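sequence and computational prediction follow.
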Amino acid sequence: MLLAGLSGTHCSPALEKDSDSDSVTPGQVRLAFSIHVEGFAEDVGTPSECLLKHSNHAARLDILQDVVEPHGVKLTYEPEEPYLIGEALYLNPPSGANPAQVTTIAERVAAGHFSAPHSDLYAATLSCPQVYASDGTGVGAYTSASTQCAAGVTDLTDLKNAYTAVGLAAPTYISGICTEADWLSITAAAGFSRVGGTVGWCARTMSPAALSAFGADYAVIHEGTCTGPATCHQQTPLDDDSKLRPWKTSDITNWLSDDPGGSLTVLPSIGDPRCMAEYELTDESETGCDYTDDDLQPYFDRLDRAIELATEDGRDRSVILTLSVGGAIDTDDAARYATWAERVKTEYIDTGKATWVATYAAAE
């Protein structure tokens, strides 16, 4: 998958951040904003066409960063492998190519933001054994991910190699891992210890009986409308308070249960900032929402609730947003992100109620 010659002089050395968070005091809320850099088709034609697409995609990232950065927002960029391949081509352009100058992910990290890889493990594991299947053919937790689903491990390893090839430090956190296969064992076998972006499809590894212990709402996970990550995209866990605190797990068949001795940390998200109003009305799989003024206050309601819970028990809470950036960000949306970012800064950051961290650092 990787382009040849990635060790050329255009590549920067792997970047290590001095800190993945500002100083966090006990009970302070950790804020994170994951940007899934996706929608960059791998088959885009000639190198020149690929470079143009990469330039256009990077420009969309600039639009968001430029409006929130002045207010101290720290973004966690999570690129898919196709975007990383485009970035590698930009860093090592073929002879005669003259790509437009763009801001690389490594340069965004150097400017104070964060990064981690985003996978499409669902597509890579379609032929892997299911953990749970209604017809009784599910195999349960894998005893060895490398033998039971080598394709999944290989996919994540290729992604990690593409990620470090563009000058980024080897990651231990990854998003985009939802699949009916044993994503816990697969990610661990590929060297990851933290995951994020858990949606309803991740819970397909749990039986209806196991899910029922967490509430009747989880029945939707095994209904006919839940056919893949795109149609089963509820932010999971489903109850709002549970979205505000990471936990550890070691059992793919019951991963929603907190296991303090677990090997994998799950960092749940409250969802897409454009869908905050819709989340107030339904637990359905909301995607592709329009960003309106109605989406602003529900975010702050979630943040206030996190502060309330942290004050009650003195334990850290996290409020993680997740946004997919593939298409354009229009002028109205950019202005709305700026309004949101300014309010976060003045009412929560400057007052010491919250602090920005990398998504992977949102756990204690």
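Looks like it arrived, so ask away.

burial measure for Thr103, as a count.
Residues contacting Thr103 under the criterion other C-beta atoms under 10 Å number 14. Just so you know, the C-beta spots here come from the backbone N, C-alpha and C atoms, and that holds for glycine as well.

sorry, slip of the keys, the one I care about is Lys74.
Lys74: 21 neighbours (other C-beta under 10 Å).

let's number from 27 now, not from 1
From this message on, residue numbering opens at 27, which makes the last subject Lys100.

pLDDT score assigned to it?
For Lys100, the pLDDT comes out at 98.

hmm, it is touching Ser60, no?
No: in this structure, Lys100 is not within contact of Ser60 by C-beta atoms under 8 Å, at 11.1 Å.

how about low-confidence regions in this protein?
Residue ranges of the chain with pLDDT under 70: 27-50, 52, 68-70, 308-313.

can we see that at 90?
27-54, 65-75, 122-124, 169-173, 250-251, 256, 306-315, 339-342, 352-354, 389-390 (pLDDT under 90).

the helices in it, which residues?
Applying DSSP state H to the chain gives helices spanning 73-94, 107-117, 131-136, 147-150, 171-174, 176-191, 209-215, 234-238, 302-307, 322-339, 357-370.

among those, which comes closest to Asp267?
With C-beta to C-beta as the measure, helix 322-339 is the member of the helices of the chain nearest Asp267 (6.7 Å).

quick one: contacts of that closest one?
Applying C-beta atoms under 8 Å, 6 or more residues apart in numbering, the external contacts of helix 322-339 come out as 53-55, 57, 266-267, 269-271, 296, 299, 302-303, 305-306, 341-345, 347, 362, 365-366, 369-370, 373-374, 379-380.

still on that earlier bit, of all the helices of the chain, which lies closest to Asp277?
Per C-beta to C-beta, nearest to Asp277 of the helices of the chain: helix 209-215, 7.8 Å.

and that closest one, what's buried?
Trp209, Leu210, Ser211, Ile212, Thr213, Ala214, Ala215 (16 or more other C-beta atoms under 10 Å).

any idea how far Asp161 lies from Ala245?
For Asp161, the distance to Ala245 (C-beta to C-beta, to the nearest Å) stands at 18 Å.

rewinding a little: any chance of the helices of the chain in JSON lines, plus distance to Glu249?
Shown next, in JSON lines, are these (distance: least, C-beta to C-beta, whole Å):
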{"stretch": "helix 73-94", "distance to Glu249": "34"}
{"stretch": "helix 107-117", "distance to Glu249": "31"}
{"stretch": "helix 131-136", "distance to Glu249": "38"}
{"stretch": "helix 147-150", "distance to Glu249": "18"}
{"stretch": "helix 171-174", "distance to Glu249": "27"}
{"stretch": "helix 176-191", "distance to Glu249": "25"}
{"stretch": "helix 209-215", "distance to Glu249": "21"}
{"stretch": "helix 234-238", "distance to Glu249": "10"}
{"stretch": "helix 302-307", "distance to Glu249": "19"}
{"stretch": "helix 322-339", "distance to Glu249": "26"}
{"stretch": "helix 357-370", "distance to Glu249": "32"}
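
could you pick out the buried ones from the contacts of helix 322-339?
Neighbour-count burial (16+ other C-beta under 10 Å) is assigned, among the contacts of helix 322-339, to 53-55, 57, 269-271, 296, 299, 302-303, 305, 342-345, 347, 362, 366, 369-370, 374, 379-380.

on that earlier part again, quick one: closest of the helices of the chain to Ala389.
Ala389 sits nearest to helix 322-339 of all these, at 13.8 Å, using C-beta to C-beta.

and the closest one, C-alpha only, in CSV?
Provided in CSV are the C-alpha atoms of helix 322-339 (Å, rounded to 0.1, in the frame of the first residue of the first chain):
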residue,chain,number,x,y,z
LEU,A,322,-24.7,25.1,20.1
GLN,A,323,-26.6,25.0,23.5
PRO,A,324,-26.9,21.2,23.7
TYR,A,325,-23.1,20.9,23.6
PHE,A,326,-22.8,23.3,26.6
ASP,A,327,-25.5,21.4,28.4
ARG,A,328,-23.4,18.2,28.1
LEU,A,329,-20.4,20.2,29.3
ASP,A,330,-22.2,21.5,32.3
ARG,A,331,-23.4,18.0,33.1
ALA,A,332,-19.8,16.8,33.0
ILE,A,333,-18.7,19.5,35.4
GLU,A,334,-21.6,18.6,37.7
LEU,A,335,-20.6,15.0,37.8
ALA,A,336,-16.9,15.8,38.3
THR,A,337,-17.8,18.1,41.1
GLU,A,338,-19.9,15.4,42.8
ASP,A,339,-17.4,12.7,42.8
